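> Here you go, sequence then predicted model.
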Amino acid sequence: MSTLNELREKAVALSEEIDTLSRLEDPNDEQISRCAEAVEEAGTLAEQITAAEAEKRSADIEKIRSFASKPGHVEVEAEPPTPINPLTVTSRAKRDPFDLSEVRLGSMYGGRLNPTTVSELRSRAHDAVEQAPEYVTDAHREAIARQVDADHSGRMAGHVLEHGSPEYTDAFFRYLQTGETMRAALSTTGANGGYLIPFHLDPSIILTNAGSKNPLRQISRVETITTDVWHGVSSAGVTGEWLAEASEFTDASPTFAQPTIPVEKAGAYVQASFEVTQDSNIASSIAMLFSDAKDRLEATAFVTGNGSGQPTGILTKLQATTASRVSAQTNASFGAVDIFALVNGLPARHQDDCSWLAHWSIYNLVRQFGGATQPNFWVDLGPGIPSQLLGRPTYSSSVMTAGPLSSATASSDDVLILGDFSNYLIVDRVGMEVVYNPLVIGTNRRPTGEVGWAAFWRVGADVTNADGFRLLRV
C-alpha cells in the first residue's frame, strides 16, 4: 500500500510541475525540455498506478476468500448458505457513492486534492457510473469511466459525483419542467443562473467516439478538461546518427513547442408554448435536443471553423498550410492519379494510421474512375460508401467541398483529405448548462405564452501537426 501511495503522490507532484511549466509565458530551453520529460514520466506513472491498483484489488479479494474459508467465519443457517462471492463482498456495494460527507474535499475545484482523496473520488465515480439509469448505454458508461480514469486531479470524478445522484437528476428535470429549484439538490451548480445537465446525459461527456454522428469526433483525438485552455507540448522529434568508436555525439536536442487550444462558448435555445408543455413531456427531451444541436453545430465548425470565437476547422487549417496541399495533375479535372498523388505525398510516419475524409459526392466521383478494362476503380459496387479506399478507412462529411467541381482557370476546389486524424485535437470543457425561462417576452414587451430553455457549452479544436495531413486541391 505504501508503494501505491508513493506513486500517487509522485503523480500529483508531476501534475503540479507540468501545470506550472505549461503556464510560463516565455520558458527557456531547459524548462521546455523538463516539461516534456515530466509529461512522459506522468504517462509511465499512470500505467504503474493502474497496475498497482489491480494488484491491490487481487490481494484484497484473496484475503476475503481466505477469511471466508475459515471455520466460524461464515454464519450457518438452517439451510446451507449460498457460497460467498468475494467480488461482491465489499463495502462499496453498501455505500452511497454520492454521499461525500466522509470524504475530505476542501474545494473540489480549487487547489490540489491529496492522492488518497483523488483515489476515493474516482472509486465512487465508477460506482456512480454503474448505478446510472438503465437508459444509459454501455458505450456512454465506458466513455465516462475512461474520462474519470484519465483525470488524475479528481475534478472529473468530482463532477460526476456532484451532478449524477438520483436526487440531483429528479431536481434537474423538475427545474426543466417548471423552473422550480430544489436548492438542497442543486446547490453545487448554477453559477450562471442555470444548472448543469446530469453527467449521464451531458453531451460534453458522452458525445465522444461511440455517441456521435460527427465524423471528426469519431476519428480525431478528443480530450476533456475542467479549465478554459488546453496546454500541450509538441516536438518534431530527435534525429539519430551512426557513430564510430569513441566519436563524440552530435547535439540532437529537439525544439519543443507549447500549443494551446482555448475552448469557445456555443449555445442553443428552444421555445415551447404553454399548451405544448402541458400536453407533452418535452422537458424530458431537452437534453437530447441540445445534444443533437451540439453535434450538428460542431460538425460544421470542425471542418470549416475560422478559429475566431469558434474551433479551428481542419479544412481551414490545411487550406492555409501550403506544405499540406497537393494540387491535381490537371486543373479542374479529378482523376485516379490524384488519389495516388495524395497517398504518395503523405509522410511515411503518418501512413499506417491515416483515413480519408470527403463529401459523399466526391466519393461517388471516385467510384467512376477507370477505363474499359477497369470499369470500377474502387472495390465492388454496392450500397453506400465502401469502407476503405486503397486500404484506408473512409469517412463522409457533408461540410466538405461537394461536386460539381468548378472549371476555373486556377485550382479552387479542396475536395479530399488524407491523414492521421490523431493530429486533429478536439477539446471539451466538461459541463453543459441549461437555463429555464418561464416567460418569453414578445417585441411589445408582453408575454407570448411560451417558455424557453437556453443551453451553453464550451469546446475548442485545432490541428496540432499539419504535416500529418494532405489536402487535394482540384
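It's in. Since the model is a prediction, treat every value here as computed from it, not as a measurement.

> Can you check the distance spanned by stretch 460-468, start to finish?
One end of stretch 460-468 sits 19 Å from the other (C-alpha to C-alpha, to the nearest Å).

> Which residues outside it are in contact with it?
216, 220-221, 230, 232, 234, 259, 261-264, 301-302, 305, 307, 311-314, 317-318, 321, 323-324, 347, 350, 419-420, 422-427, 429, 469 (C-beta atoms under 8 Å, 6 or more residues apart in numbering). To be clear about C-beta, it is placed using only N, CA and C from the backbone, and glycine gets the same treatment.

> in this protein, what secondary structure element scores lowest on mean pLDDT?
helix 183-186 (a mean of 53; mean pLDDT, DSSP states H and E).

> Okay, and which of the contacts of stretch 460-468 map to helices?
Using DSSP state H, the subset of the contacts of stretch 460-468 located in helices is 216, 301-302, 314, 317-318.

> one step back: when you filter the contacts of stretch 460-468 down to buried only, what's left?
Among these, those buried by neighbour count (16 or more other C-beta atoms under 10 Å) are 216, 220, 230, 232, 261, 263-264, 301-302, 305, 307, 311-314, 317-318, 324, 350, 419-420, 423-427, 429, 469.

> and Ile339, what is it in contact with?
Ile339 sits next to 366, 369, 389-390, 416 when contact means C-beta under 8 Å, 6+ apart.

> so where do the strands sit in the stretch 51-200 of the chain?
195-196 (DSSP state E, counting those that start in this stretch).

> The stretch 201-350 of the chain now?
221-225, 229-231, 234-235, 256-257, 260-262, 264-273, 325-327.

> mind putting those strands in JSON lines, mean pLDDT and distance to Arg446 included?
Output for these, formatted as JSON lines (pLDDT from 0 to 100; distance: least, C-beta to C-beta, whole Å):
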{"stretch": "strand 221-225", "mean pLDDT": "86", "distance to Arg446": "43"}
{"stretch": "strand 229-231", "mean pLDDT": "83", "distance to Arg446": "43"}
{"stretch": "strand 234-235", "mean pLDDT": "66", "distance to Arg446": "56"}
{"stretch": "strand 256-257", "mean pLDDT": "68", "distance to Arg446": "56"}
{"stretch": "strand 260-262", "mean pLDDT": "91", "distance to Arg446": "40"}
{"stretch": "strand 264-273", "mean pLDDT": "92", "distance to Arg446": "15"}
{"stretch": "strand 325-327", "mean pLDDT": "94", "distance to Arg446": "56"}
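
> Which one of those strands lies nearest to Phe334?
strand 325-327 (11.5 Å; C-beta to C-beta).

> follow-up on the earlier one: can you flag which of the contacts of Ile339 belong to helices?
Counting by DSSP H, the contacts of Ile339 contribute Val366 to helices.

> Among the contacts of Ile339, the buried ones, what's the ChimeraX command?
Listed next is the ChimeraX selection for buried residues among the contacts of Ile339, using 16+ other C-beta under 10 Å:
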select :366,369,389,416
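
> Out of the contacts of Ile339, which comes closest to Glu40?
Nearest to Glu40, judged by C-beta to C-beta, of those is Leu390 at 34.4 Å.

> For that closest one, which residues are in contact?
The neighbours of Leu390, taking C-beta under 8 Å, 6+ apart as the test, are 339-340, 343.

> out of those residues, which one sits closest to Val238?
Val343 (27.3 Å).

> I figured the closest one hits Gly391, correct?
No: if you go by C-beta atoms under 8 Å, Val343 and Gly391 don't touch, sitting 9.5 Å apart.

> So if I had to pick from these two, which one is more boxed in?
The neighbour count for Val343 versus Gly391, taken as other C-beta atoms under 10 Å, is higher for Val343 (18 against 8).

> what's the pLDDT at the residue lying closest to Arg122 once chain neighbours are set aside?
In space, and not counting its chain neighbours, Arg122 is closest to Ala157: 4.7 Å by C-beta to C-beta, 6 or more residues apart in numbering. As predicted, Ala157 sits at a pLDDT of 87.

> again with the one 3 residues further on
The per-residue pLDDT reported for Val160 equals 88.

> I'd like to check which residues are in contact with it.
Neighbour list for Val160: 125, 128-129, 144, 148, 199 [criterion: C-beta under 8 Å, 6+ apart].
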